[in-house]
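Participant: From the sequence below, what's the structure:
(one chain, ligands or ions: 2)
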Amino acid sequence: MTTSARVYYGAIINPVDLRHFDALPRALIGVTSDGEIAWLEKDVEDHQVQDLLAKHSWSDVELFALDKWDWLMPGFIDTHTHACQFPNIGIGQQYQLLDWLENVTFPTEAKFADTAYAKQIYPSVLTRLISNGTTTCCYYASLHLESTKILADIAHASGQRAYIGKCNMDRESPPTYIESSPEQSVADTEALIKYIRSLPTTLVHPIITPRFAISCTSLLLHQLGALAAKDPTVPIQTHISENLAEIAFTKSLFKDCETYADVYDSHGLLKHNTILAHAVHLEPREIELIKTRNAGISHCPTSNLNLSSGSVKVGEMLDKGIKVGLGTDCSGGFAASILTVVQHASIMSKVVSFEARGKVNSTASKSDSTFADKPLPVATLLYLATVGGARVCNLQDTVGSFEVGKSFDALRISLNPRTKNPGISAYEDPSGFKGADSEKLLRERLEKFLFCGDDRNIAEVWVAGRLIGGQNFSG
Ligand SMILES: Nc1nc2[nH]cnc2c(=O)[nH]1
Ligand SMILES: [Zn+2]
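Facilitator: Numbering: from 1, shown residues only. Ligands and ions are numbered 1, 2, ... in the order given. Sure thing, here's the model as predicted:
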């Protein structure tokens with residue numbers, strides 16, 4: 001769907017790299033009717049606006065001036081969540097992973113055998129994620145083909161950018177929630193790929209989704225690897241090395257593989273377009289292998305804390321140049337918002353740094369240019385939530401930041417006191433972003449939003465230039 005071309009004038013936050021983001025108090029951004037960013041001008045005074053529109057031959061285009069409390073920023077990218085687990089968010093947090101799957105999660109997912117249940121649940125999943133500012137999302141669905149097609153239909157109708165996979169699981173699962181054979185599992189996966197590709201969209205894509213090594217026979221993993229080799233444009237998502245009992249069980253099932261990462265690699269499933277959720281307890285040789293294969297990590301700290309899985313040494317991965325993004329991992333994580341994940345990623349990095357302080361070989365004081373064993377800076381958190389996620393999804397040329405030629409997948413954030421969140425009286429600067437310290441104010445407001453903001457502050461959500469959600473969305 002196209003809208004008319006638009007120009008936005010006001011403050012913009014734009015991630016640059018792991019250590020920097022631009023805070024531009026007075027930017028002018030032109031978005032084509034196809035939702036592509038056509039041009040971006042910085043430091044534009046009010047009296048220059050019309051001249052710049054003329055320079056771009058855009059004088060007739062509708063101009064939207066942002067409120068002094070507002071800014072635009074790229075939409076959030078959730079690299080890992082389970083649409084079929086939203087009904088059990090917030091339940092069973094006394095468990096660790098394997099018991100939690102058995103007692104809480106598998107029984108919930110089994111209900112999606114009924115397509116009426118999928119039609120009841122999935123629309124609210126999309127609405128909730130979009131209102132939290134998630135413009136791109138990687139979804140696990142249940143193992144059921146028909147219900148997963150419904151999720152794809154709903155994602156398509158919502159306008160969100162999405163990767164959708166049905167789980168592959170043919171062993172170590174309850175009798176009521178297991179696939180009958182590897183052949184059936186692969187046939188349903190191929191049918192889903194075909195179905196999603198038949199939808200009239202460039203935004204919704206299929207993704208091969210072996211649940212995790214434990215729930216897949218070697219034969220099934222080989223067949224999924226062959227499918228990925230036959231059609232290399234289809235990405236892969238799975239879980240890796242989340243919990244110590246899970247790792248021990250995996251090694252007992254795949255005795256020929258030295259490590260968890262070897263299991264996926266030896267079945268042709270560890271590639272540049274593989275998304276690996278968690279990666280909590282990776283061995284150094286697994287980290288090297290993941291780097292060599294250029295697979296991406298979905299860092300899910302809310303889930304890792306909630307299911308007592310452990311702390312992730314994200315800084316080490318970033319130092320090695322591994323692609324890292326953020327994931328809500330609902331319902332292992334109890335929050336559907338990437339903002340909560342940002343907050344927990346920050347806290348977790350501080351815990352990692354406390355622990356490192358006590359160790360002789362700590363890298364904490366070695367160099368300012370490394371991330372290992374240090375709290376993640378705000379710029380890094382912003383990057384992980386946007387560009388980092390885009391890289392994990394291999395969408396870095398399309399989304400994640402505002403650059404000419406990329407898609408306008410964007411949020412309008414508002415800290416207007418009208419939103420009633422957060423208590424920001426100290427920030428009620430009547431000059432908005434026009435005062436002398438406007439860049440500093442904008443940087444402070446971003447930090448305030450990342451740590452205290454929620455969906456009340458997300459006024460508008462666009463994907464490919466189309467307004468699809470936010471507090472001001474009535475559609
Ligand atoms: N967090 C999480 N880990 C898993 N490992 C296998 N399945 C799951 C799941 O549903 N959630
Ligand atoms: Zn998960």
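
Participant: Every contact and neighbour count from this point should use C-alpha atoms.
Facilitator: Fine.

Participant: can you pull up the bridge partners for Val204?
Facilitator: Counting by DSSP bridges, Val204 forms beta bridges with Ala162.

Participant: residues in contact with it?
Facilitator: 152, 155-156, 160-164, 196 (CA atoms under 8 Å, 6 or more residues apart in numbering).

Participant: Just flag the most distant two among these.
Facilitator: Farthest pair in these (CA to CA) is Gln160 and Ile196. Separation: 14.1 Å.

Participant: dump the residue contacts of the residue in the chain that ligand 1 sits nearest to.
Facilitator: Residue nearest to ligand 1 within the chain: Gly332 (4.7 Å; CA to the nearest ligand atom). Going by CA under 8 Å, 6+ apart, Gly332 touches 89, 302-304, 306-307.

Participant: among the residues you listed, who's most crowded?
Facilitator: Neighbour count (other CA atoms under 10 Å) singles out Thr302 as the most crowded of these, with 28 neighbours.

Participant: my guess is it contacts Cys330, does it?
Facilitator: No. Using CA atoms under 8 Å, Thr302 is not in contact with Cys330, being 9.0 Å away.

Participant: Low-confidence ranges, the stretch 251-400 of the chain, go.
Facilitator: Applying pLDDT under 70 to the stretch 251-400 of the chain flags residues 360-366.

Participant: just so I have it, where are all the strands in it?
Facilitator: Ranges of strands within the stretch 251-400 of the chain are 274-278, 296-299, 323-326, based on DSSP state E, counting those that start in this stretch.

Participant: could you dump the ones you listed to TSV with mean neighbour count and distance to ligand 1?
Facilitator: Listed next are the strands of the stretch 251-400 of the chain as TSV, based on neighbours: other CA atoms under 10 Å; distance: least, CA to the nearest ligand atom, whole Å:
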stretch	mean neighbour count	distance to ligand 1
strand 274-278	27	8
strand 296-299	30	11
strand 323-326	28	13
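
Participant: who wins for proximity to Glu460 among these?
Facilitator: Nearest of the strands of the stretch 251-400 of the chain to Glu460, taken as CA to CA: strand 323-326 at 21.4 Å.

Participant: Mind pulling up the pLDDT for the spatially closest residue to Leu53 that is not a sequence neighbour?
Facilitator: Nearest residue to Leu53, sequence neighbours excluded (CA to CA, 6 or more residues apart in numbering): Ser59, at 5.0 Å. For Ser59, the model assigns a pLDDT of 91.

Participant: Was I right to think Ser59 contacts Val7?
Facilitator: No. Between Ser59 and Val7 there is no contact under CA under 8 Å: 9.9 Å.

Participant: picking up where we left off before, look up how far Gly165 lies from the residue nearest to Leu53.
Facilitator: 44 Å (CA to CA, to the nearest Å).

Participant: And for Ala335?
Facilitator: Note on Ala335: its distance to Gly165, by CA to CA, is 21 Å.

Participant: Would you mind telling me which of those two has more residues around it?
Facilitator: Gly165 (32 against 20).

Participant: For the more buried one, give me its contacts.
Facilitator: By CA under 8 Å, 6+ apart, the contact list for Gly165 reads 139-141, 148, 189, 192, 206-209.

Participant: go with 7 Å
Facilitator: Contacts here follow CA atoms under 7 Å, 6 or more residues apart in numbering; on that basis Gly165 touches 139-141, 206-209.

Participant: and which of those residues is nearest Ser33?
Facilitator: Pro206 (26.3 Å).

Participant: can you pull the pLDDT of the closest one?
Facilitator: Note on Pro206: pLDDT of 99.

Participant: Hmm, it is touching Lys166, no?
Facilitator: No. At 8.9 Å, Pro206 does not count as touching Lys166 under the criterion of CA atoms under 7 Å.

Participant: So between these two, which is more surrounded?
Facilitator: For Pro206 versus Lys166, neighbours defined as other CA under 10 Å are more numerous around Lys166 (28 against 25).

Participant: Show me what the longest helix along the chain is packed against.
Facilitator: Determined from DSSP state H, the single longest helix within the chain is helix 338-357. Packing partners of helix 338-357 (3 or more CA pairs under 7 Å, 6 or more residues apart in numbering; DSSP states H and E): helix 301-306.

Participant: ok, 10 Å please
Facilitator: strand 76-82, strand 296-299, helix 301-306, helix 314-319, strand 323-326, helix 378-383, helix 438-452 (3 or more CA pairs under 10 Å, 6 or more residues apart in numbering; DSSP states H and E).

Participant: can you pull the buried residues of that helix?
Facilitator: Neighbour counts over helix 338-357 (16 or more other CA atoms under 10 Å) mark 338-353, 356 as buried.

Participant: avg pLDDT for the host helix or strand of Ala11?
Facilitator: In this structure, Ala11 sits in strand 6-17 according to DSSP states H and E. Across strand 6-17, pLDDT averages out at 97.

Participant: Give me the sheet partners of the next helix or strand after that strand and which way each runs.
Facilitator: Going down the chain from strand 6-17, the next helix or strand is strand 20-31, by DSSP H and E. Applying DSSP bridges to the sheet, strand 20-31 is found paired with strand 6-17 (antiparallel), strand 37-41 (antiparallel).

Participant: Quick one: closest of these to Glu460.
Facilitator: Using CA to CA, the nearest of the strands paired with strand 20-31 to Glu460 is strand 6-17, at 12.7 Å.

Participant: quick check: angle from that closest one to helix 438-452?
Facilitator: 80 degrees (axes from the mean of the first three to the mean of the last three CA atoms, to 10 degrees).

Participant: Could I get the CA-only coordinates of strand 6-17 as CSV?
Facilitator: Only the C-alpha atoms of strand 6-17 are listed here, as CSV (Å, rounded to 0.1, in the frame of the first residue of the first chain):
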residue,chain,number,x,y,z
ARG,A,6,5.8,13.3,3.0
VAL,A,7,8.3,15.6,4.6
TYR,A,8,8.9,15.6,8.4
TYR,A,9,10.6,18.5,10.1
GLY,A,10,11.8,18.3,13.7
ALA,A,11,14.1,16.3,15.9
ILE,A,12,15.6,13.0,14.8
ILE,A,13,17.6,10.3,16.6
ASN,A,14,19.7,8.2,14.3
PRO,A,15,22.0,5.3,15.3
VAL,A,16,25.4,5.5,13.6
ASP,A,17,27.5,2.7,15.0
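
Participant: picking that back up, neighbour-wise, which of Gln160 and Ile196 wins?
Facilitator: Gln160 (27 against 22).

Participant: In contact with that one, which residues?
Facilitator: The neighbours of Gln160, taking CA atoms under 10 Å, 6 or more residues apart in numbering as the test, are 126-127, 129-130, 134-137, 154, 203-204, 409, 461-464, 466, 468-469.

Participant: Quick check: the residue nearest to Leu53 is in a helix.
Facilitator: No. Assignment of Ser59 by DSSP: H, G, I helix; E, B strand; the rest coil gives coil, placing it outside any helix.
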